[in-house]
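Enquirer: predicted model and sequence below, questions to follow.
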Amino acid sequence: MNSVVSSQKKIVVIGLDGGTLDLMVPWINDGKLPTFATIMQRGSYGPLRSTTPYYSAPAWVSMVTGVQPGKHGIYDFFRTDTPKKSIVTSQYRKAPALWKILTEYDKSSIIVNVPGTFPPEKINGVMITGLLTPSKDSNYTYPSSLKKELVPERLGEYELEQVAVDDIPKNLIARYSPEKLAEMVNHNTTSHATVTMNLMAREEWDFSMVVFRGTDDVQHLLWHRKDLILTCYQKADEFIGKMMRSYPDAMFIIVSDHGFGQPKKYFYVNNALYNAGYLHAKSDPSRNIFTLINLLFDTFSNLIFHVVPIQQIARSDIGRKIILSSGSGSNIDFSKTRAMYHSVCSRGIRINLKGKYPHGIVEERDYESLRKEIIDFLRGIKDPETNEHLVKTIYTKEEVYGDHAVNDPLDIIFDLEEDYGAQELLQPLGGLHGLFSSQRKLEIVTQPGFFDWEGDHRPNGIFFSYGPNIKNTTVEASIVDIVPTILASMHLSIPKNLDGNVLNDIFIEPPPVTMSDSTPEKKQLLSMAELQKIKKLRHHSKKNKD
């Protein structure tokens, strides 16, 4: 067989969370990202279309499963089959990830810091989970013994981040010490890259994947500081270059889960639903204790940042429980509410259906008429200042996820015009003076404030590919194309239920494509003792050859 199209020996996927060509291409052209410049000159690149909606939780899972969210069932960081803030886990996912498919083909993987992988799965290889891992006290590695090696003198220190729990500390750091936030991000990138490269040097592997999450944080919180954002892209560029030089025969794929841009205003969705009578509160949102705490926190945030060890408190067991139990849902009266906005990352509205949720009140016979009514309501919402419509497109869950979607997706999905972001908080806008406003209705549109992001997601992320059989070309790809492209490159059959396609245009000589009705039968994995014995035999064999 021609050596060019022989089975790809090693494949490396590197995730750059929130990576956007809008920033990268100008920096590449100015010589500020040399590794990406090399890839553009010799490899393939282009926009990578995200999921609908284009948020991290569904997008990363689609990236590693090759199917749209309706098949894998992850629509948000929080479960959508309950009104409570319950964080999703890998066990909630209904489609196999790439590393499970590769395990069944006897291929070995190294998986590091991929969002939504907790708890770690038993695979042929090693795994260290990423975002949504509860805490350092949890078992976040496979095998479990690997956790003991995540120390500086062994594989390297491994930094964990916690969704929701870390948000307030990061907001404070971004506001009062932005340089420190960039330093934290670069420290985390160094941590995850170092651990990954040490594993790649030590383990036998066919596929390796690591996600650098920090670019998402700095773009959310420091969009006005492009100089600091650049340093975070440069840190990733540096380590990607090191990996490429270490494995010159490997195929590299660099991706992001979505792109980025800047909303000029925020639409407070639950405020709008409250004003229209679809959502009811336990107490007046303008006067209740949750609103007062939020507004006081905003007002005295400078003092809190400099005096209170906020990250330590937030990550404590008590702090974690308080944060996850607070938010918009803490003041919603579900026994009277017909519809609510699920979370800041969902772009979805839940209809409180009777018999489906513990406090559901909407009768099944009224479901379709209410959904249509809310869709019409969203279409009519305008910015009070400009009189322009806020909502760009609206979908039913069937239109986005299909008629047989798993894990109870949200009932209405919407996208906003580019100048707007969406917020879930149910509270008056404009700071403390909102507490004393005589208006009965809550404002619904505001300039970005403390609890809003400076930057927000856009539908097109990044795709870069580099390696011996990769041609120099531009390409438009979808997030679900990554898994079938990798399987084809490894000369493995592609399950027919995948939604993506092989990106044949990136190859000098496209690999042969075979399809299968399902993944191969699961094989019994070797025990750790057996694996260690095999590694010792390989080591002695290599030593004798030398």
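Expert: Nice, I can see it. Residues are numbered from 1 along each chain as shown.

Enquirer: in terms of helices and strands, where is Val483?
Expert: helix 482-489 (DSSP states H and E).

Enquirer: just the CA atoms of that helix, as CSV, please.
Expert: What follows is helix 482-489, C-alpha atoms only, in CSV (Å, rounded to 0.1, in the frame of the first residue of the first chain):
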residue,chain,number,x,y,z
ILE,A,482,-13.9,15.2,13.6
VAL,A,483,-14.6,11.7,14.8
PRO,A,484,-15.3,10.1,11.3
THR,A,485,-12.2,11.9,9.9
ILE,A,486,-10.1,10.4,12.7
LEU,A,487,-11.6,6.9,12.3
ALA,A,488,-11.0,7.0,8.5
SER,A,489,-7.4,8.2,9.0
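
Enquirer: list the buried residues of it.
Expert: Buried positions in helix 482-489, judged by neighbour count with 16 or more other C-beta atoms under 10 Å: Ile482, Val483, Pro484, Thr485, Ile486, Leu487, Ala488, Ser489. C-betas here are computed from N, CA, C, even on glycine.

Enquirer: against His192, how distant is the third one?
Expert: Just to be clear, that refers to Pro484. As judged by C-beta to C-beta, to the nearest Å, Pro484 and His192 stand 26 Å apart.

Enquirer: for the first one, same thing?
Expert: When C-beta to C-beta is the yardstick, Ile482 and His192 sit 19 Å from each other.

Enquirer: contacts for stretch 61-68, please.
Expert: 15, 51, 69, 71-72, 74, 93, 95-99, 114, 116, 209, 255, 257, 401-402, 479-484, 495, 497-500 (C-beta atoms under 8 Å, 6 or more residues apart in numbering).

Enquirer: just the buried subset of the residues you listed, please.
Expert: Looks like the contacts of stretch 61-68 have 15, 51, 69, 71-72, 74, 93, 95-99, 114, 116, 209, 255, 257, 401, 479-484, 495, 498-500 buried, using 16+ other C-beta under 10 Å.

Enquirer: contacts only, for the residue most central in space within the chain.
Expert: Closest to where the C-alpha atoms of the chain average out (C-alpha atoms, centre = their mean) is Ser56, at 2.3 Å. Shown in contact with Ser56 (C-beta under 8 Å, 6+ apart): Asp17, Gly18, Phe77, Pro115, Leu131, Asp216, Asp257, His258, Cys345.

Enquirer: could you tell me the end-to-end distance of stretch 268-281?
Expert: 15 Å (C-alpha to C-alpha, to the nearest Å).

Enquirer: okay, buried residues for it please.
Expert: Within stretch 268-281, the residues scored as buried using 16+ other C-beta under 10 Å are Tyr268, Val269, Asn270, Asn271, Ala272, Leu273, Tyr274, Ala276, Tyr278, Leu279, His280, Ala281.

Enquirer: buried ones in stretch 380-392?
Expert: Buried, per 16+ other C-beta under 10 Å, within stretch 380-392: Ile381, Asp383, Leu390, Val391.

Enquirer: can you give the contact residues for that stretch?
Expert: Residues outside stretch 380-392 that contact it (C-beta under 8 Å, 6+ apart) are 265, 267, 272, 378-379, 414-418, 420, 443-445.

Enquirer: just the CA trace of it, in CSV.
Expert: In CSV, the C-alpha atoms belonging to stretch 380-392 read as follows (Å, rounded to 0.1, in the frame of the first residue of the first chain):
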residue,chain,number,x,y,z
GLY,A,380,-42.0,40.3,19.3
ILE,A,381,-39.4,41.4,21.9
LYS,A,382,-37.5,44.5,21.0
ASP,A,383,-34.7,46.6,22.4
PRO,A,384,-36.4,49.5,24.2
GLU,A,385,-33.7,51.9,23.1
THR,A,386,-33.3,50.9,19.4
ASN,A,387,-36.7,49.3,18.8
GLU,A,388,-34.8,46.5,17.1
HIS,A,389,-35.8,42.8,17.5
LEU,A,390,-33.5,40.8,19.8
VAL,A,391,-34.3,37.3,18.8
LYS,A,392,-32.8,36.1,15.4
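
Enquirer: before we move on, the earlier item: tell me the least confident of the contacts of Ser56?
Expert: Lowest pLDDT among those: Cys345, with 85.

Enquirer: what about that residue, how many residues close to it?
Expert: 19 (other C-beta atoms under 10 Å).

Enquirer: kindly report the same for Asp298.
Expert: Other residues near Asp298 come to 16 when the count uses other C-beta under 10 Å.

Enquirer: with Ile111 as the reference, measure out to it.
Expert: With C-beta to C-beta as the criterion, Asp298 and Ile111 are 39 Å apart.

Enquirer: ditto for His224
Expert: Applying C-beta to C-beta, the value for His224 to Ile111 is 34 Å.

Enquirer: neighbour-wise, which of these two wins?
Expert: Ile111 (29 against 12).

Enquirer: which residue, neighbours along the chain excluded, lies closest to that one?
Expert: Residue nearest to Ile111 in three dimensions, not counting chain neighbours: Met127, with 4.3 Å by C-beta to C-beta, 6 or more residues apart in numbering.

Enquirer: list the strands paired with the helix or strand harbouring Thr393, with their directions.
Expert: Here Thr393 sits within strand 391-396, counting by DSSP H and E. Sheet partners assigned to strand 391-396 using DSSP bridges are listed as strand 412-416 (antiparallel).

Enquirer: can you pull the buried residues of the partner strand?
Expert: Buried residues in strand 412-416, counting neighbours by 16+ other C-beta under 10 Å, are found at Ile412, Ile413, Phe414, Asp415, Leu416.

Enquirer: can you redo the residues you listed as a markdown table with pLDDT and distance to Asn504?
Expert: Listed next are the buried residues of strand 412-416 as a markdown table, based on pLDDT from 0 to 100; distance: C-beta to C-beta, whole Å:
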| residue | pLDDT | distance to Asn504 |
| --- | --- | --- |
| Ile412 | 98 | 37 |
| Ile413 | 98 | 31 |
| Phe414 | 97 | 35 |
| Asp415 | 96 | 30 |
| Leu416 | 96 | 35 |
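
Enquirer: pLDDT value on Met197, please?
Expert: You'll see Met197 listed with a pLDDT of 98.

Enquirer: now, which of the contacts of stretch 380-392 lie within helices?
Expert: Judged by DSSP state H, the contacts of stretch 380-392 include Ala272, Leu378, Arg379 as members of helices.

Enquirer: who touches the nearest residue to the first one once chain neighbours are set aside in this structure?
Expert: Right, Ala272. Distance criterion C-beta to C-beta, 6+ apart; nearest residue to Ala272, sequence neighbours excluded, is Ile444 at 4.6 Å. Going by C-beta under 8 Å, 6+ apart, Ile444 touches Phe267, Tyr268, Asn271, Ala272, Asn275, Ile381, Pro384.

Enquirer: switch the cut-off to 10 Å
Expert: Shown in contact with Ile444 (C-beta atoms under 10 Å, 6 or more residues apart in numbering): 266-276, 381-384, 390, 423, 429.

Enquirer: can you check Val195 too?
Expert: Contact analysis of Val195 by C-beta under 10 Å, 6+ apart lists 110, 112-113, 128, 146, 149-150, 154-159, 210.

Enquirer: any idea which element it lies in?
Expert: helix 178-202.

Enquirer: which element follows that helix toward the C-terminus?
Expert: strand 207-212.
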